[in-house]
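**Q** coords below, sequence missing:
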């Protein structure tokens, strides 16, 4: 019976459950480790993202026989130049537009309430039983928006706390670019020949998955942001740059990001001219079609191969558990776990065939 697959699966499930129970009982042992990981998480993740964004440039420079250190210096100079362009030319315009939007926000809220009230008083489509619910929403609209503002302020406060950790990102990035490819051989040397081969194969698969996601998602976000900026400028939408930058940041969130990105643009368009809402929707659809048919297939390809329903489920769960950071990191974390499980399954199949 011990050779039956169902029995082996049952034993494995019991052992995993016991392991989880044991880890839960000795959680105090892992608390210092978790604190240490939390302290280096921001520079490690930030450096890792910049590493995958910089590695193609590093490989290009080295293909022209430029020494690695010199190539890294060039990459840092490019980042400094990019930062200078953003601070000098983009940030002032975005700040001015954001300030105007913030100042006009109370008036926009008031106009929205007046519009809903007028529509409610002059429509006969919605049954009267729902009037109380609608009125309750209108009466509490200001408090809802204040709660949303509080959440935004809390997020900004947390981001300010990250600034201290961000200072370490260049140091992490430098050593990742300089010695990144040495990590896998360093770990593999402590394993036997078969395990080392398996580990190198897994590390290469995870590396390819992360590079596909990070490069792909950043490229998609930039392209969509530029397309929306051009579209918003064509229809003369107020706060075009700020809204396009917001859309660019939201597109970092897979699948649901584009839907979140269009909300503030649609609201601004509605208060400027209701017909502009239609044009905003058209611009968003055109941008998403260009991205979905030309950008993503060529940049990201099918490396992740994750079903949209899985993406939605993961984002909903991760958003509830870890907030905004969960929305960003849920998909790459799932992709890495999926790659690991696939690798372990392939290794198991190979061993079964050999025996």
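**A** Received it, and whenever you're ready, just let me know what you need. Bear in mind that the values here come from a model prediction, so they are computed numbers and not experimental data. Numbering: from 1, shown residues only.

**Q** host element of residue 326?
**A** Using DSSP states H and E, the element containing residue 326 is helix 308-354.

**Q** same for that helix, what does it pack against?
**A** On a contact count with 3 or more CB pairs under 8 Å, 6 or more residues apart in numbering; DSSP states H and E, helix 308-354 meets helix 193-234. Quick note: C-beta positions are derived from backbone N, CA and C, even for glycine.

**Q** check which element follows the helix it packs on along the chain.
**A** helix 240-250.

**Q** now that following helix: average pLDDT?
**A** Helix 240-250 shows a mean pLDDT of 87.

**Q** in that helix, what's buried?
**A** Using 16 or more other CB atoms under 10 Å as the test for burial, helix 240-250 gives 240, 241, 242, 243, 244, 245, 246, 247, 248, 250.

**Q** any idea how far the second one is from residue 90?
**A** Distance, residue 241 to residue 90, using CB to CB, to the nearest Å: 7 Å.

**Q** any idea how far the helix holding residue 326 is from the chain center?
**A** 15 Å (CA atoms, centre = their mean, to the nearest Å).

**Q** what's the angle from that helix to helix 240-250?
**A** For helix 308-354 against helix 240-250, the angle by axes from the mean of the first three to the mean of the last three CA atoms, to 10 degrees is 30 degrees.

**Q** next, the angle from helix 308-354 to helix 193-234.
**A** 160 degrees.

**Q** nearest to residue 66, of the buried residues of helix 240-250?
**A** Closest approach to residue 66 among the buried residues of helix 240-250 (CB to CB): residue 248, at 31.1 Å.

**Q** what sits against the closest one?
**A** Shown in contact with residue 248 (CB atoms under 8 Å, 6 or more residues apart in numbering): 221, 222, 224, 225, 228.

**Q** out of those residues, which are buried?
**A** Burial by neighbour count, judged by 16+ other CB under 10 Å, picks out 221, 224, 225, 228 from these.

**Q** now residue 252: phi and psi?
**A** Per-residue torsions, residue 252: phi -70, psi -30 (degrees, to the nearest 10).

**Q** what's the nearest residue to it if we skip its chain neighbours?
**A** What sits nearest to residue 252 in space, not counting adjacent residues and going by CB to CB, 6 or more residues apart in numbering, is residue 221, at 5.3 Å.

**Q** isn't the one you found right up against residue 249?
**A** Yes. If you go by CB atoms under 8 Å, residue 221 and residue 249 touch, sitting 7.4 Å apart.

**Q** can you tell me the closest non-neighbouring residue to residue 51?
**A** Once flanking residues are discounted, residue 51 sits nearest to residue 176: 4.2 Å by CB to CB, 6+ apart.

**Q** quick one: low-confidence ranges for the stretch 51-200 of the chain?
**A** 105-165 (pLDDT under 70).

**Q** what ranges do the helices span in it?
**A** 68-85, 91-121, 131-139, 141-166, 169-179, 183-188, 193-234 (DSSP state H, counting those that start in this stretch).

**Q** who's in contact with stretch 192-211?
**A** 48, 52, 55, 184-185, 187-189, 191, 303-304, 332, 335-336, 339-340, 342-343, 347.

**Q** need the contact list for residue 66.
**A** residue 74.

**Q** swap the cut-off to 10 Å and go again
**A** 58, 60, 72, 73, 74 (CB atoms under 10 Å, 6 or more residues apart in numbering).

**Q** equivalent analysis for residue 266, please.
**A** 243, 276, 277, 278, 280, 281, 284.

**Q** check the secondary structure at the second one for me.
**A** Applying DSSP: H, G, I helix; E, B strand; the rest coil to residue 276 yields a three-state assignment of helix.
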